[in-house]
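In: Just need the structure, nothing else, for what follows:
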Amino acid sequence: MAEREFEKLPDGMFSVDQPISSNADDRDDTLKRGMYAETFARLASGCGTPMVVGLYGTWGVGKTSLMRQIQGILEDGGIPTVWFDPWRHQFDDDPVLALLQKMVADLGMEKADGVKELLTTVSLALSSALLSKVAGLTFGNLKEISETIAKERYRVNKERNRLDKAIKELIDKVREPGQPVVFFIDDLDRCLPDPMLRVLEALKLHLNLEGCVYFLGIDHHVVRTTIKKTLEFDDGEQEYLDKIVQVPFVIPRILEETAKDFIDSLLPEDAKSCAEFLFDFLGHNPRQVKRFVNTLSLNILMASGIFKDKNGNPIKPNIELIAVMLLIQQRNEFLWNRISTDRDLYYKLGTDGEDAPKILEEYFKGDTQLQALVQRIDCPRGTPLEKYVNLADVAGASIREPTTTAIEPEMVRIEPGEFWMGSPDGDEGAIASETPRHRVKIKQAFELARYPGTFDEFDAYCDASGRNKPDDAGWGRDRRPVINVSWHDAADYCVWLSKETGANYRLPSEAQWEYACRAGTETRWSFGEIETDFPEYAWFSENFGGNTLPVGTFPANRWGLQDMFGNVWEWVEDVWHDDYNKAPKDGSAWTEGENQRERVLRGGSRGFGPRFARSAVREKLAATSRFNFTGFRVARTL
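Out: This is a model prediction of the structure:
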């Protein structure tokens, strides 16, 4: 049987997990990070030891590539290096032994005098009945271990000394005097909690030796969350990590011009025209860029068998339209589902008739960037849209990235109950939109975030999805409330967080927000009626310094919720109605009505006075609005 000859695949297909090589002959610097690699190589070769350098970044930003570059430079200079993937050894008896065995193998020291005996000593010390309880503890039985240590303290110290002495002798055997051994520990965040913490504890207890430098490539958000949950810290996870890592370095986003050149270098030749607009949508995550380009290249390859004339001859497809279809599929699931069932809808998106504003608002939900691209790409009537849609359906699913970067908000359980919603007659501070006051029954328990959504939580979403991060107005990020987010941004975040965690996150209904804010009270504020007490409970117009404050700065209400007044206005689910006539009385969101463009905000903000931060106060904005006083707080359905 004759062998079949296959046509050469097009350019543009890459392994998304393949890092830059450490070999000088094929090492490149596409992401322009050579400066960082050179700096860290100099640090590793001349710093005081022991030293642990943390290279922090989310999935796909290039941690492994940067470490490979550093490793290559060090090896070119004759510095011994060891590469260790702890997730490959997480089911071994102990990560210390696995790392030392890898060191011996990488440096070709298996047959050196005394090495085998030292490894045996390390193994025996680690596997001794007593020390294995300490070095391999699971962090779920701390009481039992502490009792054992109290009884056998002398024997524990003796075994530890034997272990530390053996490790030190082993390290000294594999390095020249005055020369470090540099370890690269990659993707620690891929480990289960117990193995991850055992590696961190090993770095702190046994491996902090003279002559050792460690580069730790981790997603620090994941590691901090694991530390917090496993060790049950209230607020000490960062301090724990800081005691191990002496030099933290957050890998920066690749620069705009570098990102554009990177995308252009990956695209197949017949898709180069897409480079101009793809940068605006793919963001700065190299792995996500590679994955999208792979998907686009596969679509182009498959298109050659789909687009043919009546005689069966291949017709060149509109490659820019293929890319746009993939972007819609990735960025706007709602719109994609509608286009999949209504092909004519795509043509309507490019019209400028009297119905255009309503159509654009309904389907693009404020995403003016995607809207402009769809309207720009030529798609005349008669274009076989069904083929483009089907192509993306069968060869586009892989662009949706599974991530583990979500930072879950701290939630507070809110029990069912009844309350009076709105302002009573005679309240001199009341506004007409807060009336008529009415009785609402919350029938089901739910959870509400203890704090407004923060920048570190929302930035994790942006990193994972490739969205642009909202501006922090120069006030700082981390645990400050996220600002400059629209209602659609907040709703999209809830959808993403739900997919990441398997829980049902959403924006709270307006009734749920006020019920939780009041926390069983009927006064103007949950702390009482005395307006002069307000500065003790909120960041508002009379005490703010022009910026936001980190969440949790002020006391909680009776139900444990903080920052319900001031700092930032918080989006809720409901559409705006001018008053409460015909409002739901079961606590559900009021989403019916003609005014779908405006949504409700609650709680006031730093620039407003006490009157505009009462439990009953409500405000409206267009759902597409982004201001430095708009944020949100998530709810979770139980």
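In: Spell out the residue ranges of the strands in the stretch 351-500 of the chain.
Out: For the stretch 351-500 of the chain, strands defined by DSSP state E, counting those that start in this stretch occupy the ranges 411-414, 417-421, 438-442, 446-449.
In: mind putting these in TSV, mean pLDDT included?
Out: Compiled in TSV, the strands of the stretch 351-500 of the chain are given as follows (pLDDT from 0 to 100):
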stretch	mean pLDDT
strand 411-414	90
strand 417-421	92
strand 438-442	92
strand 446-449	93
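In: Out of those, which one sits most buried?
Out: strand 446-449 (a mean of 23; mean count of other CB atoms under 10 Å). The C-beta positions use only the backbone N, C-alpha and C, and glycine is treated the same way.
In: For that strand, name the packing helices and strands.
Out: If you count contacts as 3 or more CB pairs under 8 Å, 6 or more residues apart in numbering; DSSP states H and E, strand 446-449 packs onto strand 411-414, helix 510-518, strand 635-637.
In: Mind checking what helix or strand follows the helix or strand where Thr39 lies in sequence?
Out: Secondary structure from DSSP states H and E places Thr39 in helix 34-46. Once the chain leaves helix 34-46, the next helix or strand it forms, by DSSP H and E, is strand 51-56.
In: So for that following strand, mean pLDDT?
Out: Strand 51-56 shows a mean pLDDT of 92.
In: Tell me the helix or strand right after that strand.
Out: helix 63-76.
In: Show me what the very next helix or strand once past that following helix packs onto, helices and strands only.
Out: Sequence order places strand 81-84 as the next helix or strand after helix 63-76, per DSSP H and E. If you count contacts as 3+ CB pairs under 8 Å, 6+ apart, strand 81-84 packs onto helix 63-76, helix 95-106, strand 181-186.
In: Distance from the chain centre to the first one, please.
Out: What that stands for is helix 63-76. Computed by CA atoms, centre = their mean, to the nearest Å, the chain-centroid distance of helix 63-76 equals 25 Å.
In: ok, which stretches of the stretch 351-500 of the chain are helices?
Out: 356-364, 368-376, 385-395, 455-465, 487-501 (DSSP state H, counting those that start in this stretch).
In: and of the ones you listed, who's closest to Arg477?
Out: Shortest distance between Arg477 and the helices of the stretch 351-500 of the chain, using CB to CB, is found for helix 455-465: 3.7 Å.
In: Output the contacting helices and strands for that closest one.
Out: Going by 3+ CB pairs under 8 Å, 6+ apart, helix 455-465 lies up against helix 487-501.
In: residues of the helix it packs on that come out buried?
Out: Neighbour counts over helix 487-501 (16 or more other CB atoms under 10 Å) mark 487-494, 496-498, 500 as buried.
In: that older thread, just put the strands of the stretch 351-500 of the chain in CSV and tack on distance to Pro314.
Out: Putting the strands of the stretch 351-500 of the chain into CSV (distance: least, CB to CB, whole Å) gives the following:
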stretch, distance to Pro314
strand 411-414, 55
strand 417-421, 64
strand 438-442, 62
strand 446-449, 54
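In: Okay, domains of this protein per the record?
Out: 34-250, 256-399, 411-637 (automatic domain parsing).
In: looking at those domains, which one has the lowest mean pLDDT?
Out: domain 256-399 (a mean of 75).
In: Who does the helix or strand harbouring Val572 pair with, and is each partner parallel or antiparallel?
Out: According to DSSP H and E, Val572 maps onto strand 569-575. Strand 569-575 has the following sheet partners, assigned by DSSP bridges: strand 598-602 (antiparallel), strand 630-632 (parallel).
In: nearest to Tyr240, of the ones you listed?
Out: Going by CB to CB, the one of the strands paired with strand 569-575 nearest Tyr240 is strand 630-632, 28.8 Å.
In: rewinding a little: report all helices and strands that the helix holding Thr39 contacts.
Out: Looks like helix 34-46 contacts strand 51-56, helix 63-76, strand 212-218, strand 247-250 (3+ CB pairs under 8 Å, 6+ apart).
In: can I get the CA coordinates of it in CSV?
Out: This file holds the C-alpha atoms of helix 34-46, laid out as CSV (Å, rounded to 0.1, in the frame of the first residue of the first chain):
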residue,chain,number,x,y,z
GLY,A,34,16.5,39.3,28.5
MET,A,35,17.3,42.3,30.7
TYR,A,36,15.5,40.6,33.6
ALA,A,37,17.2,37.3,33.0
GLU,A,38,20.7,39.0,32.9
THR,A,39,19.9,40.8,36.2
PHE,A,40,18.7,37.8,38.0
ALA,A,41,21.7,35.7,36.8
ARG,A,42,24.1,38.4,38.2
LEU,A,43,22.2,38.4,41.5
ALA,A,44,22.3,34.6,41.7
SER,A,45,26.0,34.4,41.0
GLY,A,46,27.1,37.0,43.5
